[in-house]
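Novice: Quick one: sequence plus predicted model below, questions after.
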Amino acid sequence: MRPVGSKYLLEEPLGRGATGTVWRARQRETAGAEAAVAGQPGETVAIKVLKEELANDADVVMRFLRERSVLLRLTHENIVRTRDLVVEGDLLALVMDLVDGPDLHRYIRENGPMTPVAAALLTAQIADALAASHADGVVHRDLKPANVLLKEDDGGMRPMLTDFGIARLADSPGLTRTHEFVGTPAYVAPESAEGRPQTSAVDIYGAGILLYELVTGRPPFAGGTALEVLHRHLSEEPRRPSTVPQPLWTAIERCLRKNPDERPSAESLGRALRTVSEGIGVHANSAQIAAAEGVGVLLAPDPAPAPVPGTPGAADPTQALPSNAGSYGDADPNAATSVMQHTGPSGSGDADPTSVMPPVPPRPDGPPEPDGPHPWENQLRAARDRNEQTQVQQYLDPSQDPLRRRRPQRQVQQPQQQAPAGYGHPQQHQPQRYAPAPQPQQPPQRYAPPQQPPRQERPPREPRRSANPMRIPGLGCLKGCLFSLVILFVAGWLIWELSPLQEWIGTGKNYWEQLSDWFTTVTGWVGDLGGDSGSTGGGSGGTQ
């Protein structure tokens with residue numbers, strides 16, 4: 001258990017939001033006179049502990065203390081009462097009544113949309129709470145189902161609006177910039193998204209979106225990103241679902257007007273929603289139905305919306321005293337901020353025309369002002385000179401690169417041409433072909449590049465004429481194919497003429513039969529050759 005101040009102990013967290021964490025807490029002792037509700041020891045309360053970035057902001061702490069009385073006196077049967085405010089070190093906390101019940105967002109997610117009659121009656125009670133807060137100059141600015149708690153009351157559910165003043169505390173100059181807004185993207189009013197002056201009409205816009213979500217189960221504008229949702233708030237008009245009766249849609253459409261001056265007040269909205277709930281019910285008579293169809297008369301624009309303090313166009317209790325005010329009692333503390341008039345030299349009250357101040361003379365004891373250029377101009381000129389001196393290095397021959405050099409190459413000294421004897425002219429060197437350009441002084445290199453003799457430029461080669469001036473693509477391959485065909489034709493003709501291929505074709509023998517005939521012929525020829533040799537030897541013997 002964590003103590004909050006000297007009178008409260010935190011027990012368990014109930015929920016977390018964008019501005020802080022809600023805890024179930026217990027009161028240790030009776031609160032002092034500074035609290036709106038003294039309470040009793042052991043009583044269970046709800047404490048919302050704001051985030052550290054809010055508690056560490058001096059503007060939030062000052063606003064927290066300044067609006068203490070406004071939040072403590074805000075009481076209504078449909079508003080969660082703020083009992084006490086705790087400021088202790090880096091901790092800011094609001095002590096409120098504990099409401100045992102779900103919030104409206106959780107209820108819709110678990111039970112689905114409501115009937116048009118139930119949605120109209122519930123939103124009418126929320127409108128009554130907004131009317132009471134607007135009468136005290138408090139604008140909620142973050143009206144959404146998650147900030148509506150459902151309290152069991154005589155077998156029914158009574159909506160309790162909570163988090164009053166949290167948007168005003170979070171809307172601090174140190175936390176909110178001109179391009180940001182306070183609220184939830186799905187429920188934010190167009191003027192809040194654009195950073196325009198805000199009035200109590202932003203709560204009426206949030207009530208219209210809440211009523212739309214109660215009967216459909218989803219808000220009218222949705223998207224993948226917050227920027228897309230804000231763009232739809234600014235450019236699109238909501239469409240009427242088929243399940244929403246026309247009188248109820250008239251109330252929703254009036255609340256969701258883009259122009260805040262066309263939205264009704266919270267009081268007229270509550271009265272109109274009760275008229276609609278009576279006219280769209282099952283047991284409605286003809287008079288109630290007619291009154292519901294003409295509900296647009298009750299939704300007249302709010303003639304005097306409550307401004308949001310701290311925004312452009314809002315009333316500020318701070319007032320500048322006029323120049324002739326003798327005491328503080330002459331100024332009205334409830335008036336808007338006024339600008340004090342500027343008195344001229346004569347005291348007539350006329351505005352003093354704008355004049356150019358004369359140049360400040362130099363001090364007599366100070367150093368004389370230099371007549372030359374400003375030191376910054378000298379620095380810019382020096383930088384420009386360095387930039388002009390910076391040149392791109394030309395291509396370096398690999399043989400002249402000192403990092404790639406393996407061993408120094410000896411330079412062969414060529415004999416100098418001397419004048420022939422007998423002439424009195426002094427010895428002269430052969431003039432160079434090209435005069436070397438002056439080079440800027442370079443820092444000494446660690447490895448000196450070897451000196452190479454000047455290269456002699458070779459005359460450019462003449463382009464080789466091709467045998468195929470037309471440059472036909474694939475002509476080389478075509479030549480090879482034609483040459484191969486010629487060789488195959490000549491080889492085939494030689495085989496046909498010199499081989500016994502013609503005889504084979506004429507006799508009708510196949511390859512193996514011809515081989516067997518050849519083998520028989522060769523065998524007979526060898527046998528005949530052996531027989532002839534034997535007979536010749538026998539004849540010789542008989543003769544002897």
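Specialist: Cool, the structure landed.
Novice: Tell me the first helix or strand C-terminal of the one helix or strand in the chain whose mean pLDDT sits lowest.
Specialist: Lowest by mean pLDDT, DSSP states H and E among the helices and strands of the chain is helix 375-389, with a mean of 59. The helix or strand immediately downstream of helix 375-389 is helix 475-498, counting by DSSP states H and E.
Novice: tell me the average confidence for that next one?
Specialist: In this model, helix 475-498 has a mean pLDDT of 85.
Novice: Flag every buried residue along it.
Specialist: When burial is assessed from 16 or more other C-beta atoms under 10 Å, helix 475-498 yields no buried residues. For glycine as for every other residue, the C-beta is placed from the backbone atoms N, C-alpha and C.
Novice: before we move on, what about stretch 135-147?
Specialist: 138-147.
Novice: Which members of these are positioned in helices?
Specialist: Among the buried residues of stretch 135-147, no member falls in helices (criterion: DSSP state H).
Novice: between those, which is nearest L248?
Specialist: Within the buried residues of stretch 135-147, the smallest distance to L248 is 17.4 Å, found for P145 (C-beta to C-beta).
Novice: I figured that closest one was touching I108, is that so?
Specialist: Yes. Taking contacts as C-beta atoms under 8 Å, P145 lies within contact range of I108: 6.2 Å.
Novice: mind checking how far I126 is from G279?
Specialist: 20 Å (C-beta to C-beta, to the nearest Å).
Novice: again, but for R271
Specialist: 13 Å.
Novice: Those two - which one has more neighbours?
Specialist: G279 (24 against 19; other C-beta atoms under 10 Å).
Novice: got the contact list for that one?
Specialist: Contacts here follow C-beta atoms under 8 Å, 6 or more residues apart in numbering; on that basis G279 touches 247, 288-293, 295.
Novice: right, and the secondary structure at E12 would be what?
Specialist: strand (DSSP: H, G, I helix; E, B strand; the rest coil).
Novice: Tell me how many other residues surround it.
Specialist: 8.
Novice: Quick check: it touching W23?
Specialist: Yes. E12 sits in contact with W23 when judged by C-beta under 8 Å, with a separation of 6.8 Å.
Novice: rewinding a little: shared neighbours of P145 and I108, anything?
Specialist: In contact with both P145 and I108: 213-214, using C-beta under 8 Å, 6+ apart.
Novice: Please work out how many residues are found near T19.
Specialist: Neighbour tally, T19, other C-beta under 10 Å: 18.
Novice: For it, give its distance to W518.
Specialist: T19 is 113 Å from W518, by C-beta to C-beta.
Novice: Next: V215.
Specialist: Following C-beta to C-beta, the distance that separates V215 from W518 is 110 Å.
Novice: same check, this time on P247
Specialist: 119 Å.
Novice: Those two: who's more crowded?
Specialist: Comparing P247 with W518 by other C-beta under 10 Å, the one with more neighbours is P247, at 24 against 11.
Novice: number of nearby residues for the closest residue to the more buried one other than its chain neighbours?
Specialist: Distance criterion C-beta to C-beta, 6 or more residues apart in numbering; nearest residue to P247, sequence neighbours excluded, is A292 at 4.1 Å. Number of residues near A292 (other C-beta under 10 Å) recorded here: 24.
Novice: For A292, grab phi and psi.
Specialist: The phi/psi pair for A292 (degrees, to the nearest 10) reads phi -70, psi -40.
Novice: ok, now A284?
Specialist: Torsion angles, degrees, to the nearest 10, at A284: phi -80, psi 140.
Novice: Enumerate every residue touching it.
Specialist: A284 neighbours (C-beta under 8 Å, 6+ apart): 278, 292.
Novice: Brilliant, that's me finished.
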